[in-house]
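Chemist: Structure for the following, please:
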Amino acid sequence: MIKSSGYYKSMKKYTVIFIILLLLFFFSCGSEDKTIFQKETRFSLKIGKMEDQISLVQFQGQSFNSRIRIFMRNGLFYISNGSGYKVMEFNSYGDILSMLYNPEENPVPILLAYDQDDEVVSNKQAHPYPFLNVGDLAVTPDGQILVEDTLPENRCEYDGDLEAYLDRVVLRFSREGNLIDYLGQEGVGGTPFPYIERLDVNSQGEIIVITRTMRSWLIFWYSNEGILLYRIEIPLDTLPGPETADVAAHLETIYPDPDSRYLYLKVDYYRTRYEEETNTAVGVDFQESRVYLFDINEGSYQEGYAGVPHYFIKDNSFLNEEEMETLYEFKGAAKGGNLFLMSPEGGDFYQILILSRDGKVISRRRIELRDREHILKEFYLSPQGILIALLVKEFEVEIVWWRSDKLISETQDETG
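Modeler: Numbers count the residues shown, from 1 in each chain. The predicted structure is shown next:
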């Protein structure tokens with residue numbers, strides 16, 4: 001049977017429409033990809049007990065009760081592994097260079113020469129130390145490795161004034177793996193610390209230990225030699241903010257400046273919500289977030305603050321077109337006072353927000369993190385502004401980074 005010319009015209013029209021829709025589909029996919037700030041995988045590690053592996057201990061239905069932390073210095077990566085009672089050093093290709101480890105909790109090293117083996121000469125060494133509970137870590141510019149550890153129970157103290165249990169110290173190891181000493185509150189050999197939130201080191205090699213109690217945050221600032229320079233207390237009931245009776249302040253976290261003697265404090269504010277008819281409090285609503293600058297030398301807050309922009313995302317639940325507000329997490333400060341924050345967008349995406357000290361938006365970019373694949377995520381911001389992540393999966397651990405330092409450079413070039 002012979003088809004009519006109208007039939008062919010109709011088919012031709014639909015074919016053209018199909019091609020156009022197909023091109024639009026691929027074009028939209030391609031443009032969407034361009035909005036994503038791509039991560040770079042530096043290397044991967046297996047999960048296990050060997051010296052170049054990450055040891056994980058997790059009971060069914062429970063979160064990890066030991067820390068895994070990552071730190072970068074001079075292109076080398078340092079990882080503290082609480083469950084493995086060890087600290088590892090890797091180059092940028094994932095080759096293990098050295099390890100501090102508890103020999104009672106780890107097998108005999110194979111890839112590294114260890115101190116008991118006098119016949120082996122190697123620049124890759126494993127150094128034994130009886131760690132009890134490895135926590136955070138940091139590395140000074142001259143190569144000292146700082147490791148948080150817990151004291152034996154008979155050496156711990158309770159401080160009634162702080163209402164805190166003092167059971168943590170900061171061990172200092174030389175770049176050759178030898179124990180130098182330990183830091184306590186007063187300096188070398190001092191009183192143990194309360195809970196340590198994080199360790200950090202600035203460009204001058206000064207050591208910052210940020211601790212927390214139920215009533216306040218305590219920051220201990222030391223010289224490179226371990227001499228206590230400053231002790232700063234940030235009481236939780238006297239945080240800066242709006243002088244309004246129905247607004248409550250919550251201190252999310254504190255980071256030091258990488259170059260100067262400043263602290264950055266991110267504070268979230270919540271307003272009490274009242275029932276209109278009875279005027280009784282029925283809950284709280286988020287109001288705003290701010291980042292304050294605290295001058296260590298002056299012992300006071302600087303004028304002004306960086307106001308964190310509000311950020312709303314769409315509720316992806318079925319037939320729901322409402323938007324909900326999501327909070328940014330403060331990830332630290334890079335050189336020049338550039339503040340890095342991160343917030344979930346929903347699905348597999350997060351937003352990186354970079355602010356100046358006065359709250360000016362320097363850059364916003366999207367990154368992809370498939371949360372359903374990750375058992376644990378740990379982030380570290382380098383002083384140069386490189387965002388680094390340790391991503392724990394079911395069978396491996398990925399070390400990745402985003403060259404977010406380039407975003408700062410691009411903005412500076414554009415503004416002259």
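
Chemist: When you work out contacts or count neighbours from here on, use the C-alpha atoms and nothing else.
Modeler: Will do.

Chemist: Let me see the contact set for Asp371.
Modeler: Asp371 sits next to Asp348 when contact means CA atoms under 8 Å, 6 or more residues apart in numbering.

Chemist: go on, Asn224?
Modeler: 204-207.

Chemist: hmm, 10 Å instead?
Modeler: For Asn224, the contact set (CA atoms under 10 Å, 6 or more residues apart in numbering) comprises 140-142, 144, 201-202, 204-207.

Chemist: Buried ones only from those, please, as a PyMOL command.
Modeler: Remark: buried members of these, expressed as a PyMOL selection using 16 or more other CA atoms under 10 Å:
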select buried, resi 140+144+201+202+205+206+207
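
Chemist: Flag the shaky bits of the stretch 201-350 of the chain, pLDDT-wise.
Modeler: 315-321 (pLDDT under 70).

Chemist: Would you map the strands across it?
Modeler: Using DSSP state E, counting those that start in this stretch, the strands found in the stretch 201-350 of the chain span residues 207-212, 216-222, 228-235, 247-256, 262-275, 280-295, 300-301, 306-308, 312-314, 323-325, 329-334, 338-346, 349-355.

Chemist: CSV for the ones you listed, including distance to Arg366?
Modeler: Shown next, in CSV, are the strands of the stretch 201-350 of the chain (distance: least, CA to CA, whole Å):
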stretch, distance to Arg366
strand 207-212, 30
strand 216-222, 32
strand 228-235, 33
strand 247-256, 23
strand 262-275, 22
strand 280-295, 21
strand 300-301, 32
strand 306-308, 17
strand 312-314, 13
strand 323-325, 17
strand 329-334, 15
strand 338-346, 9
strand 349-355, 4
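
Chemist: Under the pLDDT cut-off, which ranges of the stretch 1-150 of the chain? List them.
Modeler: For the stretch 1-150 of the chain (pLDDT under 70), the answer is 1-35, 58-65, 115-122.

Chemist: again, 80 this time
Modeler: 1-35, 57-66, 114-123 (pLDDT under 80).

Chemist: quick one: Met125 and Ile110, what's the gap?
Modeler: In this structure residue 125 is Gln, not Met. Using CA to CA, to the nearest Å, one obtains 10 Å as the distance from Gln125 to Ile110.

Chemist: Among these two, which residue is more densely surrounded?
Modeler: The neighbour comparison of Gln125 against Ile110 (other CA atoms under 10 Å) goes to Gln125, with 21 against 11.

Chemist: who's in contact with the more buried one?
Modeler: Applying CA under 10 Å, 6+ apart, the residues near Gln125 are 96-100, 109, 111-115, 176-177.

Chemist: Give me the buried entries from these.
Modeler: Judged by 16+ other CA under 10 Å, buried ones among these: 96-100, 109, 111-114, 177.

Chemist: What is the nearest of these to Ile36?
Modeler: Distance to Ile36, by CA to CA, is smallest for Ile96 among the buried ones among the contacts of Gln125, at 31.4 Å.

Chemist: distance of that closest one from Leu166?
Modeler: Taking CA to CA, one finds Ile96 at 34 Å from Leu166.

Chemist: so which of the contacts of Asn224 comes closest to Glu186?
Modeler: Ile207 (12.8 Å).

Chemist: picking up where we left off before, can you redo the buried ones among the contacts of Gln125 as a markdown table with secondary structure?
Modeler: What follows is the buried ones among the contacts of Gln125, written out as a markdown table (DSSP: H, G, I helix; E, B strand; the rest coil):
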| residue | secondary structure |
| --- | --- |
| Ile96 | strand |
| Leu97 | strand |
| Ser98 | strand |
| Met99 | strand |
| Leu100 | strand |
| Pro109 | coil |
| Leu111 | coil |
| Leu112 | coil |
| Ala113 | strand |
| Tyr114 | strand |
| Gly177 | coil |
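
Chemist: mind putting those in a markdown table, distance to Lys360 included?
Modeler: Output for the buried ones among the contacts of Gln125, formatted as a markdown table (distance: CA to CA, whole Å):
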| residue | distance to Lys360 |
| --- | --- |
| Ile96 | 41 |
| Leu97 | 41 |
| Ser98 | 42 |
| Met99 | 42 |
| Leu100 | 43 |
| Pro109 | 50 |
| Leu111 | 49 |
| Leu112 | 48 |
| Ala113 | 51 |
| Tyr114 | 51 |
| Gly177 | 43 |
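
Chemist: ok, which pair from the residues you listed is furthest apart?
Modeler: Leu111 and Gly177 (16.4 Å).

Chemist: So what's the residue count around Glu197?
Modeler: Neighbours of Glu197 under the rule other CA under 10 Å: 18.
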